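Engineer: Okay, here's the prediction I keep looking at, along with the sequence it came from:
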Amino acid sequence: FNSKKINSRILFMNYWLVKRGIKEMGLTVSLRNYDGKILIIENKILKSAKAFEINLIDLLKKVEIQNYEFTGSIEIEFFSLTDLVFPYPAVVVNYYNEYGSTFVHTAGRIYNNFEDLIENDSILVKESGFDIYSGDRFNPFFSFTNGYSTKKSNIIEVELLNKKGLLVKDKIDLGNLNPYETVIFYFKDYFPLKKILENSIGTVKIKHNLKGFFPRFICGNFCKKTGIVSATHSYYDNSDQLDFNSYMKNNDPKKLMDYSVFIPLFIEKNFYTEMKIYPINSPSNYSLNLTFYSSNGKMLGKKEKIISINENHSTYNELKFLEIINKLGLDSNVVKGVLIEQNFKDKSKIPSRLKYGLNIGEKKSKYDLPTNICFNSEPVNQYEIKKKGTFKWFPIINSSKSIAVIQNSCFIKDYDKTANVEIVIYKVDSEDLIVKNIQLKPYEQYRLIIDIEISNFLNNKTGWVVLKSENPFVRAWYFDFNESGIIGGDHSF
């Protein structure tokens with residue numbers, strides 16, 4: 001998107017050079033309009049270990065788009081003569097203006113070859129796992145860019161849900177789609193959302209017959225007043241997936257949690273942190289246990305079986321951490337993180353994937369548009385215990401108040417391993433670096449705040465952070481907080 005209200009840019013870093021030592025990569029950038037017509041193609045050789053920005057406005061100037069009003073797509077392709085091992089692009093799209101900066105990592109993609117297409121098109125599942133706001137201030141949507149084929153009938157079936165369960169189901173024909181055409185579906189154009197969802201927040205499942213591309217949607221809610229969008233991506237609805245590959249086992253439940261995830265908490269002043277539980281995981285019976293920690297990893301309190309999910313789960317649920325902390329009598333100014341353990345009744349019927357939403361927002365702010373980060377809880381993994389270390393990376397948005405949370409957490413029940421972490425900050429303008437070294441105790445977190453020194457180093461542009469550690473259980477999240485109450489966030493790669 002580009003307009004008087006919103007700007008877009010693509011962010012990535014040449015991590016292949018840093019991680020794999022690949023000295024040369026090819027980059028192709030293709031800009032297409034709404035109908036899929038190519039407007040410009042640019043090629044570049046990547047030889048530097050640094051951050052990169054592709055600003056949509058710069059491409060629009062080159063093709064002389066009037067007033068720079070634009071809706072379309074950018075395709076990013078990377079090429080190498082060296083085996084990339086796992087060719088993950090790690091590209092982030094950033095939407096920004098004076099009111100806020102939001103972002104989400106790679107969504108849809110075109111398949112590399114025919115075998116890739118056949119493998120991924122063989123099973124079509126619904127897309128889901130994001131919030132939709134029914135109030136007058138917002139306009140919820142999902143979007144995708146079609147593949148290379150022309151299809152005459154593109155039908156979707158939309159299911160609207162809230163805490164009561166399924167409310168409405170309706171089929172909609174999107175009509176003929178051109179190759180690489182961009183589709184933006186605004187729910188309010190088809191449904192009286194305010195009435196259906198009773199002016200509250202809900203979620204959606206989207207059944208489709210789209211083929212020829214990986215149908216991971218960019219979705220979220222436009223703030224009508226500011227033009228900014230709370231961006232996230234959809235995820236598979238696995239609630240009908242019952243085959244062997246949909247489940248796994250925990251062979252050592254005395255020592256290892258079935259699943260766990262550690263998330264940072266922003267609950268001081270008017271901030272809130274909530275976890276959204278969508279009915280999208282393979283059917284199973286489990287409960288959630290919470291353990292709260294201070295920033296230095298001190299355990300402050302526990303709440304077992306805060307909620308139980310059964311195999312017939314069909315509603316939209318949420319955990320409001322500030323309310324739980326207050327009921328436990330904990331100091332909300334001290335609690336900075338929570339370990340969420342998923343404990344399954346049947347240790348041989350544990351879903352292979354568990355996805356949730358992480359919402360961090362600010363009440364009483366002017367716009368209060370929180371994150372809606374699609375994230376996974378981490379399954380028990382014996383192989384990860386044996387890994388020699390970790391390599392994580394993520395962008396610094398450097399728009400308003402940027403904060404990254406670096407943490408040391410694990411699914412081992414009696415986890416006691418310290419992490420020595422090297423933090424390397426990369427910039428756009430040169431290969432200059434900032435290097436920091438920290439040590440994290442179990443469940444300790446370090447909040448990297450983009451201060452004046454780092455902001456000046458980045459020259460008011462974006463940057464990237466690389467984390468290296470001998471401990472395989474280092475993770476990170478990154479955020480950008482605006483005084484308007486619009487907050488962007490995502491997890492590290």
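Structural biologist: Arrived safely. On a predicted model such as this, the values are computed, not experimentally measured, just so you know.
Engineer: and A404, that one's in a strand?
Structural biologist: Yes - under DSSP: H, G, I helix; E, B strand; the rest coil, A404 falls within a strand.
Engineer: Mind pulling the model confidence for it?
Structural biologist: Here, the pLDDT recorded for A404 equals 98.
Engineer: unless I'm mixing things up, it is touching K392, no?
Structural biologist: No - the pair A404 / K392 is not scored as a contact, 10.4 Å apart, by CB atoms under 8 Å. In short, each C-beta sits where N, CA and C put it, glycine included.
Engineer: Comparing these two, which shows the higher neighbour count?
Structural biologist: A404 (23 against 17; other CB atoms under 10 Å).
Engineer: ok, that one - contacts?
Structural biologist: Listed by CB atoms under 8 Å, 6 or more residues apart in numbering, the contact set of A404 reads F394, I396, R447, L448, V465, A476, W477, Y478, F479.
Engineer: rerun that using 6 Å as the cut-off
Structural biologist: L448, A476, Y478 (CB atoms under 6 Å, 6 or more residues apart in numbering).
Engineer: That one pairs with what?
Structural biologist: Taking DSSP bridges as the rule, A404 bridges to L448, Y478.
Engineer: so how far is T182 from it?
Structural biologist: 31 Å (CB to CB, to the nearest Å).
Engineer: Can you show me the strands along the stretch 301-450 of the chain?
Structural biologist: 317-320, 337-344, 350-351, 355-362, 373-376, 378-379, 390-396, 401-408, 419-427, 433-440, 445-449 (DSSP state E, counting those that start in this stretch).
Engineer: can you list these in TSV and add distance to F130?
Structural biologist: Output for the strands of the stretch 301-450 of the chain, formatted as TSV (distance: least, CB to CB, whole Å):
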stretch	distance to F130
strand 317-320	13
strand 337-344	19
strand 350-351	19
strand 355-362	7
strand 373-376	7
strand 378-379	21
strand 390-396	20
strand 401-408	22
strand 419-427	30
strand 433-440	31
strand 445-449	26
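Engineer: so which of those strands comes closest to D237?
Structural biologist: D237 sits nearest to strand 355-362 of all the strands of the stretch 301-450 of the chain, at 9.6 Å, using CB to CB.
Engineer: Let me know the pLDDT of Q382.
Structural biologist: Reported pLDDT for Q382: 83.
Engineer: if we can go back for a sec, shared neighbours of A404 and K392, anything?
Structural biologist: Joint contacts of A404 and K392 (CB under 6 Å, 6+ apart) are A476.
Engineer: Out of the strands of the stretch 301-450 of the chain, which is closest to N199?
Structural biologist: Of those, nearest to N199 by CB to CB is strand 317-320, at 16.5 Å.
Engineer: which residue ranges form the helices in the stretch 151-300 of the chain?
Structural biologist: 193-196 (DSSP state H, counting those that start in this stretch).
Engineer: pLDDT value on T462, please?
Structural biologist: 96.
Engineer: ok, then the element right after the worst-scoring helix or strand of the chain on mean pLDDT?
Structural biologist: Lowest on mean pLDDT, DSSP states H and E among the helices and strands of the chain sits helix 114-121, with a mean of 63. Counting by DSSP states H and E, the element after helix 114-121 in chain order, helix or strand, is strand 127-128.
Engineer: What lies in contact with that next one?
Structural biologist: With CB under 6 Å, 6+ apart as the criterion, strand 127-128 contacts K205, I206, F217, S234, D237, I280.
Engineer: and with 8 Å instead?
Structural biologist: So strand 127-128 is contacted by 142, 203-206, 208, 215-217, 234-237, 278, 280 (CB under 8 Å, 6+ apart).
Engineer: From what I see, Y236 and L124 are in contact.
Structural biologist: No - the criterion here is CB under 8 Å, and Y236 misses it with L124 at 10.1 Å.
Engineer: Those two: which has the busier surroundings?
Structural biologist: Y236 (19 against 13).
Engineer: Skip the chain neighbours and tell me the closest residue to that one.
Structural biologist: Take Y236 and drop its neighbours on the chain: the residue closest to it by CB to CB, 6 or more residues apart in numbering is V125, 5.0 Å away.
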